[in-house]
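>>> A predicted structure for the sequence below; I have some questions about it.
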Amino acid sequence: MAAFRPRVARPLATLPPDDLPALLGKNPVFVVLDVEATGGNFPPERMMELGMVRIERDGSQRTWESLLNPEREIPPFVADLTGIRPAMVRQAPLFADLASEIDEFSQGAWLVGHPVSFDYRYLCYEMGLAGRTYERPLLCTQALARHFLPEQPSYSLGKLCRGLGIPTTGRHRALGDALLTTALFRRVMEAARLPKVWAFLFCCLLASCSEPQRPTRTSSDSVREARWPGFVQKAPEGSYRLKDSRDNRPLLDLKFVKDRTGVLSAFVSAFPAGSPYQMSSLCDFCPEGTEGHGQKLLGQRLLRDLRPGRRGWVGGQFLDPVRGYTYLADLEPVGESDLAVVLRIGSQRRSYWLIQQ
């Protein structure tokens, strides 16, 4: 009999930013949450930490946090990003053991996240595995900040908070990021309660008090937005050398192919000098049961399902040849002709370089 897979509910539409002032007039309860997981692609990935901050009607707040046993291996990449090691979760409770407590803590509240869709869908998925249904109204601080705190240089959580002068301590852990999102949400609520002209002056005041912005880095994460529209008009052509951005080690040569529906993929086309792989290498790093497992690495599709989007080619999946895990991935331009494969684990990012040959 096939293994049970709970239906992952589509997130409810988040509240439109223009409706936030009216909602605040009703003085509701909010729960700000953040999820740390073994990966962004679920199933099969699982939640390994949850942090929540409940903001009561009187403005007071209380917190809830717990490590969770994901019942699967934590990829080294994720362990490096979060600091959560396998030994830390080995004796942690299962999500199902805490599902009732999590449900009760968030009862009667609006769920708030940055962005909220990832955390909420993960929470619904885990509740489904525990045999429960879960539904809450949603607020996205990323969308709200764009509306009520305009003209910020970035709306990623860390950069936005640094730009607003909010201390960014305790990053990459569930409660730390939930507390950071709470501080941001309180700034958003302050701006939403002000008339528009005062909100503009409020944003100017925040900008004058903010931390100095770090200089733009010329790395795979530094993408000039002005190039995005032109970049997505045509698919990358020719051969690109995949390099590890940490040590510049050459790994593989990839060739891009676009199908009739406009979906972009990249296949292994050659093995450069210095690569740990060769013509006889097998795709033995692929998880068992996945495409290409045990087959020759040459010709295997490592990057798939990319579609044109505002940031570049987005929404794809990348089979990491170093770690053997499949990650959510975007493809972004770097410099005049090179690319970056940007891996996403929740709100975290890591990149591989693609150097045009």
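Structure's in. What do you need?
>>> Show me where this structure dips below the pLDDT cut-off.
1-12, 195-234, 284-294, 310-311, 323-324, 336, 344-349 (pLDDT under 70).
>>> In contact with the residue of it positioned farthest from its centre, which residues?
Largest separation from the mean C-alpha position in the chain: Ser280, at 35.2 Å (Cα atoms, centre = their mean). Ser280 makes contact with Lys296, according to Cβ atoms under 8 Å, 6 or more residues apart in numbering. (Each C-beta comes from the backbone N, C-alpha and C, glycine too.)
>>> Give me the three-state assignment for it.
Of the three states, Ser280 takes coil according to DSSP: H, G, I helix; E, B strand; the rest coil.
>>> residue ranges for the strands of the stretch 251-357 of the chain, please.
In the stretch 251-357 of the chain, strands defined by DSSP state E, counting those that start in this stretch lie at 264-270, 301-308, 313-319, 326-334, 338-345, 348-356, listed in chain order.
>>> Pull out the buried positions in the lengthiest helix in the chain.
Scanning the chain for the helix with the most residues, using DSSP state H, yields helix 174-192. Going by neighbour count (16 or more other Cβ atoms under 10 Å), the buried part of helix 174-192 is 174-182, 184-189, 191-192.
>>> Tell me which of the strands of the stretch 251-357 of the chain lies nearest to Ala99.
Closest of the strands of the stretch 251-357 of the chain to Ala99 is strand 338-345, at 23.3 Å (criterion: Cβ to Cβ).
>>> Name the strands paired with that closest one and say parallel or antiparallel.
strand 326-334 (antiparallel), strand 348-356 (antiparallel) (DSSP bridges).
>>> Other residues contacting that strand?
Contacts of strand 338-345 (Cβ under 8 Å, 6+ apart): 37, 39-40, 77-78, 81, 220-221, 223, 236, 240, 242, 245, 303, 318, 320, 327-334, 349-356.
>>> hmm, try it at 6 Å
Residues from elsewhere that reach strand 338-345 (Cβ atoms under 6 Å, 6 or more residues apart in numbering): 40, 78, 220, 318, 327-332, 334, 349-352, 354-356.
>>> are any of these buried, and which?
Buried members of the contacts of strand 338-345, counted by 16+ other Cβ under 10 Å: 40, 78, 220, 318, 327-332, 334, 350-352, 354-355.
>>> dump the residue contacts of Leu68.
By Cβ under 6 Å, 6+ apart, the residues touching Leu68 are 47-48, 92, 95.
>>> Over to Gln295?
Cys283.
>>> Please report the distance of it from Cys161.
Remark: distance between Gln295 and Cys161 (Cβ to Cβ, to the nearest Å) = 45 Å.
>>> Repeat that for Pro44.
For Pro44, the distance to Cys161 (Cβ to Cβ) stands at 32 Å.
>>> When those two are compared, which one has more neighbours?
Using other Cβ atoms under 10 Å, the more surrounded residue of Pro44 and Cys161 is Cys161, with 22 against 12.
>>> quick one: that one and Thr169 touch, right?
No: the criterion here is Cβ atoms under 6 Å, and Cys161 misses it with Thr169 at 10.2 Å.
>>> buried sites along stretch 92-112?
Applying 16+ other Cβ under 10 Å to stretch 92-112 flags 92, 95, 98-99, 102-103, 105-106, 109-112 as buried.
>>> To clarify, my last question referred to stretch 255-262.
Within stretch 255-262, the residues scored as buried using 16+ other Cβ under 10 Å are 255-256, 258.
>>> what's the answer for stretch 127-144, then?
Buried residues in stretch 127-144, counted by 16+ other Cβ under 10 Å: 127-130, 134, 136, 138-144.
>>> Which of those residues fall in helices?
Taking DSSP H as the definition of helices, the buried residues of stretch 127-144 contribute 127-129, 141-144.
>>> related to what we said a few turns ago, which among the strands paired with strand 338-345 is found nearest to Val263?
Per Cβ to Cβ, nearest to Val263 of the strands paired with strand 338-345: strand 326-334, 12.1 Å.
>>> just how off-centre is the closest one within its chain?
For strand 326-334, the separation from the chain centroid amounts to 12 Å (computed by Cα atoms, centre = their mean, to the nearest Å).
>>> now swap in stretch 155-173 and tell me
15 Å.
>>> Just the terminal-to-terminal distance for it.
Taking Cα to Cα, to the nearest Å, stretch 155-173 runs 19 Å from one end to the other.
>>> ok so, going back, how about TSV for the contacts of Leu68, with distance to Pro86 and secondary structure added?
Below are the contacts of Leu68 laid out as TSV (distance: Cβ to Cβ, whole Å; DSSP: H, G, I helix; E, B strand; the rest coil):
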residue	distance to Pro86	secondary structure
Met47	15	strand
Met48	10	strand
Ala92	11	coil
Phe95	17	helix
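>>> what's the farthest-apart pair in these?
For the contacts of Leu68, the farthest-apart pair by Cβ to Cβ is Met47 and Ala92; their separation is 10.8 Å.
>>> if we can go back for a sec, farthest-separated two in the buried residues of stretch 92-112?
Pairwise distances across those (Cβ to Cβ) peak at 27.8 Å, for the pair Ala92 and Trp110.
>>> Near the closest residue to His172 other than its chain neighbours, how many other residues are there?
Nearest residue to His172, sequence neighbours excluded (Cβ to Cβ, 6 or more residues apart in numbering): Thr82, at 5.0 Å. For Thr82, the count of nearby residues is 23 (other Cβ under 10 Å).
>>> Now do the phi/psi pair for Thr82.
For Thr82, the backbone dihedrals (degrees, to the nearest 10) come out as phi -100, psi -20.
>>> Go ahead and confirm Glu65 touches Glu49.
No: the criterion here is Cβ under 6 Å, and Glu65 misses it with Glu49 at 7.4 Å.
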